[in-house]
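# please find the sequence and the predicted model below.
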Amino acid sequence: MSVKTLMINGQMVSASEDQTLLDVLRENGIELPTLCHLDGLTPIGACRLCLVELAGSNKLHPACMTRITEGMEVTTHSERLVKYRRMILELLFAERNHFCSICVINGQCDLQQMGYDVGMDHVRFEYQCPAVEVDASHERFIMDHNRCVLCTRCVRVCHEMEGAHTRDVMGRGGSSRIITDLNQLWGKSGSCTGCGKCVQVCPTGALFEKGRSAAEVVKQRDFLVYIKTAREKHLWIQ
Amino acid sequence: MDSIMGTETPGNANHRARPRIATLWLGGCAGCHMSFLDMDERLMDLAPRISLVYGPLVDRKEFPDQVDVVLVEGAVANEDNLHHLQEARKKSRLLVAFGDCAVTGNVTSMRNTQSSAGVVMDRSFVENASLHPGVPRSGGILPRLLDRVIPVHQAVPVDLFLPGCPPSADLIFYLISELLEGRSPDLSDKLKYG
Ligand code: SF4
Ligand code: SF4
Ligand code: SF4
Ligand code: FES
């Protein structure tokens, strides 16, 4: 594997060429907020929180989707980036209905944590307050669209890890929704195996197990990397 | 940010009057005020350093002039809320959005998924009433609901945001102490929603 050298915030850093920029940043202790990214799932660059500046390009680039190249010059915390990250978070909070005080995942929520990380003390955009549904038809799980940020982690884990592809995205813009099968109730889905992987990877209180009170909701995410590594290294096949 | 240390008292240039603090209770559950009381013995520490001039804990009808800091609990849900808030803004130097309902609308704003105040009133007083269904209409008794509940900063300019449902007593004490010291409280590493 060949080694590339790049400049990150003025510091020389070397990394192996198969890494994404996000991997390299994290390896070097530079933290960026991320919501759609999860180790073990294919990156899609949906949330735009990990945007960085690359010298020679006037576009912003999602670090999770960017392959490193020799001589790349990266800026991670310019005034513009810091401003945009906070705006993105504010937009996410304004888009659906987030009432942390009564949310099942209050205190364990990735979205909340990102808000703290960027110092979001209030939202400057008008709250959209859409009337969206809660699907409690599944025997063990609940999907609350009020808290969904459309990161599609659930869609990807269901397709890539469970192989069920029960979940998908329907509609566009503000009317986008995560659906089960052909937009039917989760409890009526013929493809869902009930594995619960989607629940575990969801960064917010949009997917949760029934019968758990707020303090008990803790999501397990490590299994993903475990399964992926085992699959890639053929650990199950003798 | 301005220091909130009190203004000079006329006739005694060396003596500074205590900062005049007010609290305002709009569309919220009073939990933020309870958290204020939860400062417990630290209230004794604050008592000689401030003048609490208005709020649910003070026997006074009108919002006074020349308030240094007002802590506003609750979202703006009806015409009375809006009027009191505007009044408080005019008469206060520093306005703090105090707690999640003030900062985000929080639970008070859950009715915003309904299209208008009329729908909400019907839902509460007609559809779900088993005895004497009917929206109360006697003028002047109930303040009119706004069609949309809004956070405080969408109605008036806000100087400081203190989220939390409620903000902890420690956080409230920190905020007031910093202001009393003439510093601008830095909440960026102390944020907590819910
Ligand atoms: S999903 Fe997270 S940010 Fe949204 S209401 Fe729940 S705890 Fe708050
Ligand atoms: S429980 Fe498993 S199969 Fe069902 S939707 Fe979630 S990830 Fe897919
Ligand atoms: S349900 Fe959860 S995992 Fe799925 S898109 Fe919404 S926030 Fe992301
Ligand atoms: S984490 Fe990179 S775009 Fe979401």
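Received it, and whenever you're ready, just let me know what you need. Ligands and ions are numbered 1, 2, ... in the order given.

# and the pLDDT at the residue lying closest to residue A:131 once chain neighbours are set aside?
Nearest residue to residue A:131 in three dimensions, chain neighbours excluded: residue B:113, at 4.1 Å (CB to CB, 6 or more residues apart in numbering or on different chains). The C-beta positions use only the backbone N, C-alpha and C, and glycine is treated the same way. Per-residue pLDDT puts residue B:113 at 96.

# residue B:113: neighbour count?
By the measure other CB atoms under 10 Å in any protein chain shown, the count of residues near residue B:113 is 14.

# isn't it right next to residue A:128, touching?
No: using CB atoms under 8 Å, residue B:113 makes no contact with residue A:128, being 9.8 Å away.

# quick check: domain ranges of chain A?
Chain A breaks down by automatic domain parsing into domains covering A:3-77, A:84-232.

# for the residue nearest the centre of chain A, give me its contacts.
For chain A, the residue sitting closest to the mean C-alpha position, by CA atoms, centre = their mean, is residue A:36 at 2.1 Å. The neighbours of residue A:36, taking CB atoms under 8 Å, 6 or more residues apart in numbering or on different chains as the test, are A:43, A:44, A:45, A:46, A:47, A:64, A:151, A:152, A:153.

# closest to residue A:90 among those?
Residue A:90 lies nearest to residue A:47 out of the contacts of residue A:36, by CB to CB, at 13.2 Å.

# what residues are up against the residue nearest to residue A:131?
Applying CB under 8 Å, 6+ apart to residue B:113 gives the contacts A:97, A:129, A:130, A:131, A:132.

# if we use 7 Å, what do you get?
By CB atoms under 7 Å, 6 or more residues apart in numbering or on different chains, the residues touching residue B:113 are A:97, A:129, A:130, A:131.

# any regions of the chain where pLDDT drops low?
Here I'm looking at chain A. Residue ranges of chain A with pLDDT under 70: A:214-215, A:236-238.

# I was after chain B.
For chain B, the stretches with pLDDT under 70 are B:1-16.

# can you map out the strands along it?
For chain B, the strands defined by DSSP state E occupy B:8-9, B:12-16, B:20-25, B:51-54, B:67-73, B:76-78, B:92-98, B:145-150, B:160-162.

# I'd like the domains of chain A as a markdown table, with distance to residue B:90 appended.
Listed next are the domains of chain A as a markdown table, based on distance: least, CB to CB, whole Å:
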| stretch | distance to residue B:90 |
| --- | --- |
| domain A:3-77 | 39 |
| domain A:84-232 | 21 |
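
# pipe those into JSON lines and attach distance to ligand 4 per row.
What follows is the domains of chain A, written out as JSON lines (distance: least, CB to the nearest ligand atom, whole Å):
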{"stretch": "domain A:3-77", "distance to ligand 4": "3"}
{"stretch": "domain A:84-232", "distance to ligand 4": "7"}
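
# at the geometric centre of chain B, which residue sits there?
Central residue of chain B (CA atoms, centre = their mean): residue B:72, 1.4 Å from the mean position.

# for the residue in chain B that ligand 3 sits nearest to, which non-adjacent residue is closest in space?
Of all residues in chain B, the one sitting closest to ligand 3 is residue B:193 (16.8 Å; CB to the nearest ligand atom). Nearest residue to residue B:193, sequence neighbours excluded (CB to CB, 6+ apart): residue A:100, at 4.1 Å.

# what number of residues lie near that neighbour?
Number of residues near residue A:100 (other CB under 10 Å) recorded here: 25.

# spit out the contact partners of it.
Here residue A:100 is in contact with A:106, A:112, B:165, B:193, B:194 (criterion: CB under 7 Å, 6+ apart).

# do that again at 10 Å, thanks
If you count contacts by CB atoms under 10 Å, 6 or more residues apart in numbering or on different chains, residue A:100 has them with A:93, A:106-107, A:109, A:111-112, A:115, A:147, A:205, A:214, B:100, B:104, B:106, B:163-165, B:192-194.
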